[in-house]
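[1] give me a model of this one.
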Amino acid sequence: MTRHLTILALTLLAFAPSQGADEKRYVEAKHGKGELQYVNGVPVLIVEGTPEEIGEQFGVLALKPAKKPLIDNLDRYMKKSGWESAYPAMMRMAGFILPMFPESNQKEIIAASKASDVPRNVMIMTNAMPDLQKIGGCSTMVVESDRSKTKSPLFGRLLDWPPHENLSDFTLVTVFRQPKKNTVATVTFPIILGAISGMNDKGLSLTINEIKDAKDASPKSDLKGVPMLILFRQLLEECATLEEVEKKLNATRRTGYFLLTVCDKTGGCVFEVTTKNVVARKGTENVCFATNHSTVWTTWRRNCTK
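    Predicted coordinates:
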């Protein structure tokens, strides 16, 4: 796990804004089994134990420092992103959304909210944000071993979410250690308990690309599905290979459309996912890429007719 954590920390460092020691947004501290420390200038939060313990550690070590400068100004973020009119409805829906989360994640959210004084509905809403509102225009790429100078797969992503004042300054690596689950490291923000981008101790990495349209006549949403970011963390906690990810995706109800770029030790692919179907798309000439502007099924259909 140390190797994988180092890779994530170095990746984050390459894109993080330069800050002096007096500009650190987080305080190095311990709480219960959890600890926040800086690794090469990057904040790394390690949380461990039961869902309640993990939620409390996350709330004290990550949410509290971000509450006043960042989270309390969430309404400004919504206004700048053009979601001002949708924001109240999203908050009202939060109570109905909570049962969509697996029980363990519900416990984490409730404990994190209690420990940090961040309203529970804010926690629910932000962890279900991609399910409620499409956010950005990200890009991902996997270079296969045969085309890589390292002779191992290379996996990269560009996170292109709307900017919000000092949001990038609060980016951190969070490591989840739980009994009978893979250890998971995510590059995330202090209010996200799911996975936007992450890697586990089995060498599996994944990240999201959001999409709005599909051509398989599937419903755009399934309110009984697992919220996307929580589902992606589940995949990291339970899977080690592309085949296991595909099996888990097919066995789980999904809330909406998305592309999921995944890479294991042998290579990668993009899963084109709707509420009805899951299709694995491999790359061309040992390179596999995706953007938010891909339309599900068009690439798959073209490749299948060759």
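[2] just read off the phi/psi values of the nearest residue to Asn277 once chain neighbours are set aside.
    Spatially, and ignoring its direct neighbours in sequence, Asn277 is nearest to Asp216 (5.4 Å; C-beta to C-beta, 6 or more residues apart in numbering). Heads up, the C-betas are built off the backbone N, CA and C, glycines and all. The phi and psi torsions at Asp216 (degrees, to the nearest 10) take the values phi -110, psi 20.
[3] Asp117 versus Asp216, what's the distance?
    Remark: distance between Asp216 and Asp117 (C-beta to C-beta, to the nearest Å) = 44 Å.
[4] before we move on, the earlier item: how many other residues sit next to the residue nearest to Asn277?
    14 (other C-beta atoms under 10 Å).
[5] do Lys180 as well
    Lys180: 6 neighbours (other C-beta under 10 Å).
[6] and it, how far is that from Thr50?
    From Lys180 over to Thr50 (counting by C-beta to C-beta), the distance is 12 Å.
[7] check what pLDDT the nearest residue in space to Ala66 that is not next to it in sequence gets.
    Leaving aside its chain neighbours, Ala66 sits nearest to Pro190 (4.0 Å; criterion: C-beta to C-beta, 6+ apart). As predicted, Pro190 sits at a pLDDT of 89.
[8] so who does Pro190 touch?
    62-63, 65-66, 70-71, 170, 172 (C-beta atoms under 8 Å, 6 or more residues apart in numbering).
[9] which stretches of the stretch 1-150 of the chain form strands?
    Taking DSSP state E, counting those that start in this stretch as the test, the strands found in the stretch 1-150 of the chain are 29-31, 34-39, 42-48, 139-143.
[10] dump those to TSV, plus mean neighbour count and distance to Ala185.
    Formatted as TSV, the strands of the stretch 1-150 of the chain follow (neighbours: other C-beta atoms under 10 Å; distance: least, C-beta to C-beta, whole Å):
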stretch	mean neighbour count	distance to Ala185
strand 29-31	14	18
strand 34-39	18	11
strand 42-48	22	8
strand 139-143	22	18
